[in-house]
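**Student:** with the input below, show me the fold.
(one chain, ligands or ions: 1)
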Amino acid sequence: MGKLCEAPYNKTVDWAKWYIFWADERVVAKNHSDSNYKLAKDGILSKVPIVPSHVHSINDSVSAEEAADEYMFVIRQLVKTRMVSVSDISDCPKFDLILLGMGPDGHIASLFPNHAVLDETEEWVTFITDSPKPPPERITFTLPVINSASNVAIVVTGESKAEAVHLAIDNVEPNCPSLPARLVQPTKGKLVWFLDKPAASKLDNLQFSE
Ligand SMILES: O=C1O[C@H](COP(=O)(O)O)[C@@H](O)[C@H](O)[C@H]1O
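**Tutor:** Model (predicted):
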């Protein structure tokens, strides 16, 4: 995404067609250093002509529960008008691309290992107030939404995540803990992992393409 925002690549994209959402967000002010909105604003949104009304960030002045409800309501309206497509096998929104990172513990979005949030199948967006990684209050897409996307990209760098990459991708023992990242299995979409060499260093079958 960084490269895409720079010349000459930035001219190859029709930014007016982009609608931006957050797969998860920390419930902090938008100018807080922990804000995922701030990260995207500084790195992407401030550099390219995305239409401001196409940027759907959370309300940062309410509780995590209210922020999740309001955000889900906005997505529901966009699904109703088909600005956001709908999955043909569930009522979930079908995003063109969900871009995820992964923590060293294997969490993706704000879906953490052994957290009840992994079992949420009714809501599209939910909230947590006990994130093991600060800040504690977050909203997150649920697994059904992530797995309804047309494309999911998981981007992981660094050796600290090599073990989680191995556990998420390789055929591991059945009694091995099931990592949130391993539960990313788009029903009809495509999943692509982007790894640097240190992050890929514990994979069973390693072949690099430059
Ligand atoms: O808290 C979060 O962490 C993960 C991964 O973060 P990293 O600092 O270990 O790269 C991120 O993908 C997630 O969206 C975020 O809210």
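**Student:** residue contacts, whatever residue of the chain ends up closest to the ligand?
**Tutor:** Distances between the chain and the ligand by Cβ to the nearest ligand atom are smallest at residue 101, namely 2.8 Å. C-beta here means a position set from N, CA and C on the backbone, and glycine is covered the same way. Neighbouring residues of residue 101 by Cβ atoms under 8 Å, 6 or more residues apart in numbering: 108, 154-156.
**Student:** same thing but at 7 Å, please
**Tutor:** 155-156 (Cβ atoms under 7 Å, 6 or more residues apart in numbering).
**Student:** that one and residue 184, how far apart?
**Tutor:** The gap separating residue 101 from residue 184 is 12 Å, by Cβ to Cβ, to the nearest Å.
**Student:** packing partners for the longest helix along the chain?
**Tutor:** Scanning the chain for the helix with the most residues, using DSSP state H, yields helix 64-80. With contacts taken as 3 or more Cβ pairs under 7 Å, 6 or more residues apart in numbering; DSSP states H and E, helix 64-80 sits against strand 125-128, strand 138-141.
**Student:** mind checking how far the helix or strand just after the last one is from the chain centre?
**Tutor:** Using DSSP states H and E, the helix or strand that follows strand 138-141 towards the C-terminus is helix 143-146. Going by Cα atoms, centre = their mean, to the nearest Å, the spacing between the C-alpha centre of helix 143-146 and its chain's C-alpha centre is 10 Å.
**Student:** quick one: mean pLDDT for helix 143-146?
**Tutor:** Averaging pLDDT along helix 143-146 yields 98.
**Student:** that helix and the ligand, any residue contact?
**Tutor:** No - using Cβ under 6 Å from any ligand atom, we find that helix 143-146 stays clear of the ligand, coming within 11.3 Å at best.
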